[in-house]
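K.L.:
Return a 3D structure for these sequence lines:
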Amino acid sequence: MHRDSLLDADILVRRAVAADLDLIKPLCESLDEKEEVYDDIYDATINPESKYLSFIAKVGDNAIGAFVCSKDINLSYYKSHFHI
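P.N.:
Numbering: from 1, shown residues only. Below is the predicted model:
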């Protein structure tokens with residue numbers, strides 16, 4: 001999600017937690033590799049030893065997006081270009 005799309009104060013992007021998994025699962029349903037994508041999100045959310053981080057984008061109580069990125073990335077770069 002590009003930072004310009006976050007001009008609306010109602011959109012929140014944050015690290016995903018276990019309670020978010022029920023909101024994220026329906027977002028994966030239409031994907032070709034839905035099980036693999038959901039498993040990666042699940043692992044990044046639940047497993048502190050995972051090499052990935054998971055994030056969720058919400059408007060109110062509704063999940064509108066989720067993403068997974070490697071812990072090896074330059075998170076400062078993404079914070080400067082995206083609102084996370």
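
K.L.:
ok, residue 26 - contacts?
P.N.:
Applying CB atoms under 8 Å, 6 or more residues apart in numbering to residue 26 gives the contacts residue 63. All C-beta atoms are positioned from the backbone trio N, CA, C, and that covers glycine.

K.L.:
So which bits of the helix or strand hosting it are buried?
P.N.:
Assigned by DSSP states H and E, residue 26 belongs to helix 21-28. Within helix 21-28, the residues that count as buried by 16 or more other CB atoms under 10 Å are 21, 23, 24, 27, 28.

K.L.:
Tell me where this structure has helices.
P.N.:
Per DSSP state H, the chain carries helices over the ranges 21-28, 34-46, 75-81.

K.L.:
Same list (the buried residues of helix 21-28) but as CSV, adding distance to residue 38.
P.N.:
Shown next, in CSV, are these (distance: CB to CB, whole Å):
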residue, distance to residue 38
21, 8
23, 12
24, 7
27, 9
28, 5
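
K.L.:
Between these, which sits nearest residue 76?
P.N.:
Among these, residue 24 lies closest to residue 76 (CB to CB), at 25.2 Å.

K.L.:
coming back round to it: now the weakest link among the helices of the chain, please, by mean pLDDT.
P.N.:
Note on these: lowest mean pLDDT is at helix 75-81, with a mean of 79.

K.L.:
got the buried residues for that one?
P.N.:
Result for helix 75-81 [16+ other CB under 10 Å]: no buried residues.

K.L.:
before we move on, what about stretch 49-67?
P.N.:
Burial within stretch 49-67, assessed by neighbour count using 16+ other CB under 10 Å, is assigned to 50, 52, 53, 54, 55, 56, 57, 58, 63, 66, 67.
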